[in-house]
Each structure stands twice: as structure tokens, then as C-alpha cells.
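Attaching a predicted model along with its sequence, questions to come.
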Amino acid sequence: MNKRLFQPIVVCVLLTAAGLAAAAEGKPALQVAPDAAQAAAPFLSWDTEGGGRQQTNLLRAGAALHLRLKLDGGWRSSADLAAHVQAVRGGGASYRIPLEPSIKPRDTAPQRIEAGVPPVSQAERGIHAASLTWRVEPRGERLRMSFLSRAQRPDRAPTLELVFPFDPRVTPTTVLPAAWEADGTLRLPALVNAPDFGPMLLAAAPARVSHLQGRLEGSRANKTVDLILELPFPKPGETITLELKPLHLPPPKGLRQMAQWRLARRGWLNALQPSARWGEQGRPFSAPAGILANNVVSDPASCSLWFYADQAFWMPEIGPGISTAALVRHSLNWWLDKRVRPDGEMVCYWDFGGFLDANAGPLIAAWDYVEASGDTAWLKQRLERLEFIAEFLAQRDTDGDGLVEAKQSGNRNSLHQPNRSCAWWDALNCGHKDAYTNALIYRAWRCLADLEAKLRRKDKQARYTRLADRLKAAYAKTLYNPRTGWLAWWKSADGELHDYAAPTVNGLAIEYGLVEPAPGREILARLHGKMAEVGFSRFDLGVPPMLVPVPPSDYLQPDAIGIARRQDGTDTFGEYMNGGITAGHVLHFLAAHYVVGEPAEADRILRAMLARQQRGEFQNGVRDAGGQGMDWTTWDGRPCGYEGYLADSFRFLQAVLLRERVFRARLYRPLR
């Protein structure tokens, strides 16, 4: 692309004023600034809730929305072609882009005169010269782009692509399309979701291009995301249009608290980040296009798949022809087909094994998908594969007590690089009898039993029901610490209870019914007392996963984000997995309060978190640098993560639904 400075059309100032007015009224707003001299638009942004965020460009600096044309075998940017530019009312622009001379050398004036044909006038050259007209027209909160051609022979029509060069350092804009194809391409219509700016519906017309093909390509190293649409060349007399318009997600059916939904809806899809195609595809450190991931240029992780599937469960259709349930299915198929080892162990991320939730997460996600979609045909095709990964977990009950033992011992000073722990909490030395993963395995087996029941497979239903019952019977009596009055995080192979006063694992156990409501209320009360004792009060950040420092003996050694140097763990307490706060896992602590019938404390925390979400403060764009990411914060709100944007963070928004009994009944049905 041309590197000279872009010259946005002057009406951008008027758009800014209009955007401020929209923000004041809470109306959706869009801002675009087409270039005044070349066929490109260096500024594009929006705010679907009218909060003024359209003032921040979603495109990369030095780049622009532009066309790519394949002319004479080579790609050219529209910004490099000598386009005729005309301003369009409302702040848009019309670009007439020349494609090739209409007069061949043999048609020069002397040759035409010899043949008795008058020479071609300049006017005729202007009329018949092959060109493409690209119009960029803002229409209030919408953007309409149209494409039409002039005097172009069909056999000479160039290949066209429209490129959106998004900047994931601002926010990781991604696409939720009508379909992801096997080759990694996508099909329109699609939602283009810029987290904390809001979702925009992208559709094409006429009908022959309504399922336009595109690609999502990115670079984790360079922090780039490109949405590339493959445009057919307009037929004579035809206008092809693309339109971006804001989408306000309707509340899930039956929700009573509309005010809370309005606070949550802009961020709801933040939890669903289909990956761009990035990295060397034959290597573990990479991602194919369209797999639910930490963020658009980060890792897919099987241990996290259920996070996203739970979010999609509540809203399986989000637009005309656009299904979040289908996105879950596409991701599930990839994990089941590509990332299962011969013994049934699911790879977690990169090429790491040893994660118990890597197998449990896809089982829960499969239930979410089938329950939301009713797709029993898919279930019939995939059930044996689901049973295969479930049986891997069953075989890990090495001592026959009902709990599933990790291969990691969990003993102090036993977790060393490049190894990882048994769970999503991969820098924490959890292992052997782990509370977090066993809670998920319990839910996974209950979900699988329910799936077996849908296909009337009574023997298999009974098997997974028995496994879940045995796990529940052993869970609390093994992990309860009578000295503190709550559950420890894990019991290591040497018999020690590793107890860090953990709201996360206690909340999860209470939420899933592994602890009954009466003792659950007592545990929650004790944890609130502990929070007061240690002085934690920043509930806008969420709740820490543990309230007691983690010493280096129970952390990933010799070095990892958050590892302490002092033996008591106090010097880094509140950083990353040594008590740092990540918002997604707060969901379980909140849900536990709703399950036991004590909503007041949870509502207080949720209100504070929703206010922070409205300000866009649970992320700071893609960072991929230790200590810089807002995906984790210290107790005073400083960043201490590395992703910057972590899709998991936004699942706390499910608490807006789970505070109401009817929604708990739907999600927890297999657990009851």
C-alpha cells in the first residue's frame, strides 16, 4: 500500500460532532474517514451503545480499508492506483479506479484513420475506459459500500478483495460468520465484533453474493488481524453492496432484569473469539481460522472450550443465519478430530498434555451444543469419540476412590518448566486430587449421561451417572479442611491439603452441588470474613481466586509470572496466579450465592463489575507480554497478565442470567 500520509476527507470533523451527539443520547454511532486523494479509508470505528468509542480507530496506523486488485497477474492496492475521487454527501467518497486502457496499441489514431475509422476522442476514452467505482457512504450508524464497473470485458475482469486491516492492540476485532468452511474460509453474513465497541452485522447484496467468501488472517508476533472479503467483479449494470450496521442483542427469552442486560449486551460476545489463521500451521504454536480461542491471535485451548460453549448456550442464534452453536460445533469437531492422542487424552494447547480439564471441557461443550441446537444427528456421529475422551478420565481414578487423580503429584516443589499443572491454572502446582478439575469432571460426566439419555443408551447413561455419583461422594470429604472450614484447592500425593482460601474452587463446588446449600452458605460466609480480614474491597475488579499467598514451592519453577521470591509468597501476592484477579472465574463465586439463596453479596459484586465492563476496563487489547495484560490485575487494578485480552474474562456476564432461577434450572439440569 502507498506509504504516503492519508488525507481524510474534511467532513470527519462533522462526523466527530455527530458521534458525540449520538454518545450523549446513547445511540449507536459509526465513524469513517475516506481518504481525499486515494482509494482507501484510513479510519473506521463504531460504538453500538453510543458511548463515544467510535472516536478510537479500529484500523492499524499506517494502514487503511482498501481494495486489492489482481491486474496482469500481480496484486495492486487501490491506494496505489490513480483513482478519481469525488466527495459524497454525508462524509463519504466515490472512487473511480482505472483498470486498463480501453484502446489497444493497434487502435491508435493513425491506424484507425487508415482503416477509415475516425480517431477516438478524449471524451470517448473517458466513457469507455475500464474502471471500477467504489463508493464509501456512511449513513448514520451504518456504513454502505457499493461496487460497480464500467466497460469491462468479463474475460478481463480482475480478482477483487476488500481488506479491513484491524488493530488487535486496540481491541481484538474478530468475525462470527454464517459458516466456517473446511478450508478455513468464512461465509457471509457475519458479525464483526470489536470487543467493547460492539457487534456490527456485515451483509452483502444482491442474492448471488449474499454468501460471499472471506478469510481471517493474523499475526500473533506482529499484532495484526486482516478480514479479507473475496468480491466477485460486478456484472454489467450490476451494483454489489456491503453494509455494516449495529446489532443490539435481544435478551435471552424469559429474562426479567432488562436493566442489567443492557449493561451486559455489548460485552456478551466478547467471550467468543474465533481465531484468525496465524503461525506456521504445521507447528503446535499456531491456530487455524475459526476456532474459539483466548483471543483472535492467541491460542485455542481445550480446557477453555466449555467457557465459550456456556456463553453460546444462552444465545445460539445471534443474527440472520449466524449461529454461535454452529461455532461451538466447528471448534468441537476440530478438537475431536485433530487433537486427541491415541490413549484418549486431549491436548490442551500447543502440544501440552496432562490437563484433566482438557478432556472435561469438550464434554461439557458437547452438551451445551446439543442442548441448545437439538442436533442429535451430530451427537450420533460423535458420541463414540466423546465416550473415548470420557473413558480416559475414568481410567485416571487410579486408587478407585471416585476422584480422578492427575498425573502431577501436587507435592511441593514438584512443578518445573517446561511442565504444566493439571488444569487451566497451569502455573499453580495443583495436582493429584484437584478440586477444580474434579468439579468439571463431575459436570462432564453428568452432561455425558444426559447426552446418552437423549439417544436412549441406558447402559452408558447408567455408567456415567455412577461415575458422577462416586465422585460426588468422595469430593467434599476428601477436600474439606476442618481447620479453615472450606475446601482446599488440592490434596497432593503425599496427603497434604493445599488450602489457599479459594473463592473460585469453593464457589464452583457449591454451584455444581458438590457441596450442599446449608454448608455452602457457611463456607461463603467464612470466605467473606476472610476477604474482610485481608482487606480486599475492589469488587469492581471481581474477586481473587485465592486469599492466601502462594509460596514458590506451590508454583511453576524456576520462573513464571507471579512467582514469589520470599518463601511465604507475600512479595508477589496479588499478581497473576498468586492471588491476582481474572474476571471470568468470578462467575462461580457469584453463582454459588444464587444457588444457595443468598443473592445480595453476589449482586453487589456484579453491579460493580458491570460498571467496570461498561468502561471497557477488563482488557487493554492484545499484549502478549508478561505483566502488561489487563486479563489479570493486582488488587489495586494494575495489569499483571500477559494476554491483555482474554475471552474467558467476559463469561462473568452470565451471572446476569444465573441470578434468576429459570436460567439456573436450564444450565444445571444434568446436575440435579
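Okay, I see it. Numbering: from 1, shown residues only.

for the chain, where's the lowest mean pLDDT among helices and strands?
The weakest-scoring helix or strand in the chain, judged by mean pLDDT, DSSP states H and E, is helix 122-128 (a mean of 39).

Downstream of that helix, the next helix or strand is which one?
Counting by DSSP states H and E, the next helix or strand C-terminal to helix 122-128 is strand 130-139.

For that next one, which residues meet the burial criterion?
130, 131, 132, 133, 134, 135, 136, 137, 138 (16 or more other C-beta atoms under 10 Å). Placement of C-beta: from N, CA and C, glycine included.

One more: stretch 180-197?
Judged by neighbour count (16+ other C-beta under 10 Å), stretch 180-197 contains these buried residues: 180, 184-197.

Let me know the closest of those to residue 224.
residue 194 (15.0 Å; C-beta to C-beta).

hang on, residue 643 packs against residue 621?
No. Taking contacts as C-beta atoms under 8 Å, residue 643 lies outside contact range of residue 621: 9.8 Å.

and those two? which has more neighbours close in?
residue 643 (26 against 20; other C-beta atoms under 10 Å).

and the more buried one, what does it touch?
Residue 643 makes contact with 294, 295, 298, 622, 623, 624, 629, 631, according to C-beta atoms under 8 Å, 6 or more residues apart in numbering.

let's go with 6 Å and repeat that
294, 629, 631 (C-beta atoms under 6 Å, 6 or more residues apart in numbering).

swap in residue 312?
By C-beta under 6 Å, 6+ apart, the neighbours of residue 312 are 324, 325, 328.

In a markdown table: the buried residues of strand 130-139, plus pLDDT.
Shown next, in a markdown table, are the buried residues of strand 130-139 (pLDDT from 0 to 100):
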| residue | pLDDT |
| --- | --- |
| 130 | 84 |
| 131 | 89 |
| 132 | 93 |
| 133 | 95 |
| 134 | 97 |
| 135 | 97 |
| 136 | 97 |
| 137 | 96 |
| 138 | 96 |
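
Report the two of the residues you listed separated the most.
130 and 138, at 28.2 Å, using C-beta to C-beta across the buried residues of strand 130-139.

Restricted to strands, list the contacts of residue 312.
Using DSSP state E, no member of these falls within strands.

Tell me which stretches of the stretch 151-300 of the chain form helices.
258-268 (DSSP state H, counting those that start in this stretch).

residue ranges of the strands in the stretch 351-500 of the chain, please?
433-434, 480-481, 486-487, 490-491, 497-498 (DSSP state E, counting those that start in this stretch).

Please identify the deepest-packed of the ones you listed.
strand 433-434 (a mean of 28; mean count of other C-beta atoms under 10 Å).

so where's the protein uncertain?
1-25, 100-129, 151-156 (pLDDT under 70).

distance of residue 329 from residue 315?
The gap separating residue 329 from residue 315 is 15 Å, by C-beta to C-beta, to the nearest Å.

circling back: any chance of the buried residues of strand 130-139 in TSV, plus distance to residue 573?
TSV is the format used below for those (distance: C-beta to C-beta, whole Å):
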residue	distance to residue 573
130	68
131	65
132	61
133	62
134	56
135	58
136	52
137	55
138	50
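
Closest to residue 577 out of these?
residue 138 (45.3 Å).

Now do the contacts for that closest one.
32, 90, 91, 92.

Restricted to strands, list those.
32, 92.

Out of the contacts of residue 138, which is nearest to residue 349?
residue 32 (37.2 Å).

bridging residues for the closest one?
residue 44 (DSSP bridges).

Verify the contact between it and residue 44 for me.
Yes. Proximity of residue 32 to residue 44 meets the contact threshold set by C-beta atoms under 6 Å, at 5.1 Å.

Skipping adjacent residues, who's closest to residue 647 in space?
residue 273 (4.2 Å; C-beta to C-beta, 6 or more residues apart in numbering).

next one: residue 664
residue 658 is the one closest to residue 664 (C-beta to C-beta, 6+ apart), at 5.5 Å.

list the contacts for that neighbour?
So residue 658 contacts 591, 594, 664 (C-beta under 6 Å, 6+ apart).

Find the helix or strand that the last one is a member of.
Secondary-structure assignment from DSSP H and E places residue 664 in helix 661-667.

Which residues does that helix contact?
254, 657, 658.

residues of that helix that come out buried?
Those would be 663, 664, 666, 667, for helix 661-667 by 16+ other C-beta under 10 Å.

Same check on stretch 377-395?
378, 379, 382, 383, 385, 386, 387, 389, 390, 391, 392, 393.

So the third one versus residue 363, what's the distance?
Read it as residue 382. Distance from residue 382 to residue 363, by C-beta to C-beta: 11 Å.
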